[in-house]
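Novice: Show me the folded form of this:
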Amino acid sequence: MAKTPRRPKSSLKGRFLLDGGTLTGTFFHRTVVLVCEHNAEGAFGLVLNRPSGSQLDDVLSVDVPPRLQGMPIFNGGPVQPAALSYLVNHPALKGGNVLPRLVLGHDLEALLQLAAEPAKDLRLRTFAGYAGWAPGQLDDEVARNSWIIRKATLDLIFQEPAESLWREVLRHSRDWRDRLLGDSPDSLSRN
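Specialist: Alright, predicted model coming up:
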C-alpha cells in the first residue's frame with residue numbers, strides 16, 4: 001500500500017524531518033533534521049544525530065570556557081561544513097527563533113559569552129555545516145515522501161542520545177508504518 005504524500009500545509013520551522021526510508025546511500029540516511037527556517041526563500045536545518053567525532057575546543061583557535069571544553073560537534077549537514085551553528089535552551093529564555101526557548105545562533109563571540117555565564121540549566125549543542133534547500137525543494141521532497149515530519153521537542157533535541165534519536169522519534173509515532181520503519185535493521189540484507 002503506497003503512502004499518501006505528506007505535503008506541508010505551512011512552514012516546517014520547528015519540526016523534525018526524519019529519513020522516511022528512501023534516503024539510503026545519502027548523507028541523510030536515518031537522520032533527524034531540525035528545521036530552523038522554512039519560507040518562500042528556501043529552508044535551513046541542522047542534522048541532530050550525526051556526531052562528527054570532533055570536540056569544540058579541538059577545532060576552535062580561541063580559548064574556550066570550561067563549559068565548552070569536550071563539547072561534541074555534530075555534522076549539521078553537507079552544506080558549508082566549516083560553518084558554525086549552535087542551539088541553546090535555558091528556562092529563563094522567553095522567546096526563541098526556532099521554538100519557544102530555543103535559539104539558533106551562528107556567532108562565535110556570542111557563543112563564548114553564553115558559555116561563560118554561570119547558568120546551570122543551560123543546554124547547548126554545536127554544529128559544523130547545515131542542511132539547506134532552495135525555494136520549493138523541501139516541499140517537493142516532502143511530496144515525494146522522502147521525509148517524515150514530526151513534532152520537535154526540547155527534550156528530544158538535547159537529551160536523547162544521537163545514536164537512538166531517529167528510532168526513538170519513529171517508535172513514538174501514531175503511524176504504524178513509522179513504528180515499523182523505526183524497528184527495521186539498517187540494511188535489509190541483515191534481516
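
Novice: for the lowest-mean-pLDDT helix or strand in the chain, packing partners?
Specialist: Using mean pLDDT, DSSP states H and E, the weakest-scoring helix or strand in the chain turns out to be helix 176-182, at a mean of 73. Other helices and strands packing on helix 176-182, by 3 or more C-beta pairs under 8 Å, 6 or more residues apart in numbering; DSSP states H and E, are helix 162-171. Glycine gets a C-beta too; all of them are placed from N, C-alpha and C.

Novice: what's the helix it packs on in contact with?
Specialist: The contact list for helix 162-171 (C-beta atoms under 8 Å, 6 or more residues apart in numbering) reads 16, 18-19, 30-32, 48-51, 74, 148, 150, 156, 160, 178-179, 181-183.

Novice: just stretch 24-39 next, same as before
Specialist: 8, 11-19, 23, 43-50, 77-78, 87, 97-98, 104, 131, 138, 147, 152, 157, 165-166, 169, 186.

Novice: Got a ChimeraX select line for the buried ones in these?
Specialist: Command for ChimeraX that selects the buried part of the contacts of stretch 24-39, burial taken from 16 or more other C-beta atoms under 10 Å:
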select :8,12,13,14,15,16,17,18,19,23,43,44,45,46,47,48,49,50,77,87,98,104,131,138,147,152,157,165,166,169
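
Novice: any low-confidence regions in the protein?
Specialist: By pLDDT under 70, the low-scoring segments of the chain are 1-9, 179, 186-191.
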